[in-house]
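Trainee: I'd like to go over a predicted model; first the sequence, then the structure.
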Amino acid sequence: MPHASTHLCASLFPGAQAAQRACAVSERVLPNCTCRPLLAVRAGLRHDLALAHGDVRAAEDAVGEVAAVADPAPFLDMDISLEAGRRRVQSLLLVDGAQKEAAQAAQAAFGSALQAGMQADAVAGLVQIAEVHLAAQDPPGALPYALSASLHASGRCCHDLTAAKCGALVSHCWHLMSPGHTLEVLQMMQDVSPLLLGEGGLQEASWARQLLAEGLLDSTGAWGPECVPEQLRAVATSVVELLQGAVEGFCKLEAWQRAGQAVYMLAHVHHALGQTEQRDAAAAQFAVFEEQAHHPF
């Protein structure tokens, strides 16, 4: 049962409260379960909840539970051990000033996957290293890892969806680094978005919608003083639909910070178009999401 906690937590139980309910049901139905993959799933669900709360100590405890489930014998339960490593990185990103330690932990998880010959997990490790750099506001540091992940994901070791996610990550890094290459970035996202929207889960589809909207807005110069209203109006319908879809998806995932980012963009678009009523409604949503992000339950 490879990557049980990743698949179950991220796909079947979107949102921390849904994860909490799923964990409670599992413990009630199978209170004496000794199945290691299921125990890892439960601990992973508790970790998701701790991350949503921003509770560093609870997150660290849950990571310890995931790691303790794995058989200590070399190369047994490697999927669970790697899952624990990736989750430790997520916990470290909650801690102010721990980016360096998070980067080292991500590098260690990647090295373990590579040593074990687990190519798909190695790709996931490269993606996480890139994400650590992005969390540290370092897109140039993230790009080489995103490119490497994309290159390796294009081989036989990964599903096409994984390759599409890596391509979107490359596009996002390039977008943050190169404001002068907006059309190229948009083309990259348009190339990978059909798979993300058609075969991806709610998280991938919502992220793809937001990145596509960003690409369209950048192609019109909508974020700067050189915005041409006629160009913005030409893409406004598509941008608004994409952002509304992203907001809806992130809300279902209880990803309030990301929902806030998407609705902030939506408010900006309505403001640029002179649509004050829609702008004010989006701004009110943004305030709600900000409150949810800081007090999720």
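Mentor: On my side now, so go ahead. Numbers count the residues shown, from 1 in each chain.
Trainee: List the residues that contact residue 184.
Mentor: Listed by C-beta atoms under 8 Å, 6 or more residues apart in numbering, the contact set of residue 184 reads residue 174. Yep, even glycine has a C-beta here, placed from its N, CA and C like the rest.
Trainee: Check which helix or strand it maps to.
Mentor: For residue 184, the host element (DSSP states H and E) is helix 182-199.
Trainee: Pull out the buried positions in that helix.
Mentor: In terms of neighbour count (16 or more other C-beta atoms under 10 Å), helix 182-199 has its buried residues at 182, 185, 186, 188, 189, 192, 193, 195, 196, 197.
Trainee: And for stretch 280-297?
Mentor: 282, 283, 285, 286, 289, 290, 292, 293, 296.
Trainee: Would you map out the domains in this structure?
Mentor: 1-95, 110-175, 178-297 (automatic domain parsing).
Trainee: ranking those by mean pLDDT, which is last?
Mentor: Comparing mean pLDDT across the domains of the chain, the lowest value falls on domain 1-95: a mean of 78.
Trainee: contacting residues around the nearest residue to residue 282 once chain neighbours are set aside?
Mentor: Closest residue to residue 282 apart from its sequence neighbours, by C-beta to C-beta, 6 or more residues apart in numbering: residue 267 at 3.7 Å. Shown in contact with residue 267 (C-beta under 8 Å, 6+ apart): 279, 282, 283, 286.
Trainee: residues in contact with the second one?
Mentor: Read that as residue 282. Counting by C-beta under 8 Å, 6+ apart, residue 282 has contacts 263, 264, 266, 267, 270.
Trainee: Secondary structure element for it, which one?
Mentor: Per DSSP H and E: residue 282 is located in helix 276-294.
Trainee: what about that helix, distance to the chain center?
Mentor: A distance of 22 Å separates the centroid of the chain from that of helix 276-294, by C-alpha atoms, centre = their mean, to the nearest Å.
Trainee: do the same with stretch 237-249
Mentor: 17 Å.
Trainee: which of the residues in that stretch are buried?
Mentor: Using 16+ other C-beta under 10 Å as the test for burial, stretch 237-249 gives 239, 240, 242, 243, 244, 245, 246, 247, 249.
Trainee: if we take those residues, which one ends up nearest to residue 130?
Mentor: Proximity of these to residue 130 (C-beta to C-beta) peaks at residue 246, which lies at 20.9 Å.
Trainee: just checking, the closest one touches residue 262?
Mentor: Yes: Residue 246 is within contact range of residue 262, at 4.2 Å (criterion: C-beta atoms under 8 Å).
Trainee: anything in contact with each of those two?
Mentor: Shared contacts of residue 246 and residue 262 (C-beta under 8 Å, 6+ apart): 206, 209, 210, 213.
Trainee: one step back: same list (the buried residues of helix 182-199) but as TSV, adding distance to residue 51.
Mentor: Formatted as TSV, those follow (distance: C-beta to C-beta, whole Å):
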residue	distance to residue 51
182	33
185	29
186	32
188	29
189	27
192	26
193	27
195	27
196	23
197	26
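Trainee: and residue 293, how far is that from residue 281?
Mentor: According to C-beta to C-beta, to the nearest Å, residue 293 stands 19 Å off from residue 281.
Trainee: now, which of the contacts of residue 267 sits nearest residue 54?
Mentor: Taking C-beta to C-beta as the measure, residue 54 sits nearest to residue 286 out of these, at 19.5 Å.
Trainee: What's the separation between that closest one and residue 160?
Mentor: In terms of C-beta to C-beta, residue 286 sits 35 Å off from residue 160.
Trainee: what about residue 32, how many neighbours?
Mentor: Residue neighbour count, defined by other C-beta atoms under 10 Å, stands at 5 for residue 32.
Trainee: If anything else comes up later, I'll come back, but that's it for now.
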